[in-house]
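J.: have a look at this prediction, sequence included:
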Amino acid sequence: MRGQEIIKCPQCGGNKVRVSNITRDLGALTLFCAVTIIGIPLAVIFGFIWLFMKLTTKDNKQMVCEECKHRFHVNKTTFEQYKNAIKQNEASL
């Protein structure tokens, strides 16, 4: 399986990685807080944090190692190669 050899954890060298969903979860938390009047100040704070994270990680994808739980960034081209290799592996099965 070539897809699992493209991205490896820099800490432990493991090849079981997944995409981190922290920005998606923070966006959902922002919308959830914005529903109530009490939560609006929290929604504003979470919104600024979410926007900052989106802008700073624009060209990188955050990955999480399943073995050691280490979070690291990979560039967009490496992530695209990884995604295409996974699709090819699924298609061949």
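T.: That came through fine.
J.: use CA for all of it now, contacts and neighbours both
T.: Noted.
J.: and the residue of the chain most remote from its centre, helix, strand or coil?
T.: Most distant from the centre of the chain: Ile37, at 30.0 Å, with distances by Cα atoms, centre = their mean. Using DSSP: H, G, I helix; E, B strand; the rest coil, the three-state assignment for Ile37 comes out as coil.
J.: can you tell me how far it is from Asn60?
T.: Relative to Asn60, Ile37 is positioned 35 Å away (Cα to Cα, to the nearest Å).
J.: quick one, phi/psi of Lys61?
T.: According to degrees, to the nearest 10, the main-chain angles of Lys61 amount to phi -110, psi 140.
J.: which residues does it contact?
T.: Going by Cα atoms under 8 Å, 6 or more residues apart in numbering, Lys61 touches 19-20, 73-76, 79.
J.: can you rerun that using 10 Å?
T.: Applying Cα atoms under 10 Å, 6 or more residues apart in numbering to Lys61 gives the contacts 19-21, 72-79.
J.: tell me which of the residues you listed fall in helices.
T.: Among those, DSSP state H puts 76-79 in helices.
J.: those, buried ones only, as a ChimeraX selection?
T.: Here is the ChimeraX selection string for the buried members of the ones in helices among the contacts of Lys61, based on 16 or more other Cα atoms under 10 Å:
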select :79
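J.: let me see the ranges of the helices in this protein.
T.: Here the chain has its helices, by DSSP H, at 3-6, 22-34, 40-56, 76-92.
J.: tell me the mean pLDDT for the first one?
T.: Average pLDDT, helix 3-6: 67.
J.: repeat for the third one
T.: The average of the pLDDT scores along helix 40-56 is 83.
J.: distance between it and the chain's centre?
T.: In this view, helix 40-56 has its centroid 16 Å away from the chain centroid, taken as Cα atoms, centre = their mean, to the nearest Å.
J.: got the angle for that helix vs helix 22-34?
T.: Angle, helix 40-56 to helix 22-34, by axes from the mean of the first three to the mean of the last three Cα atoms, to 10 degrees: 160 degrees.
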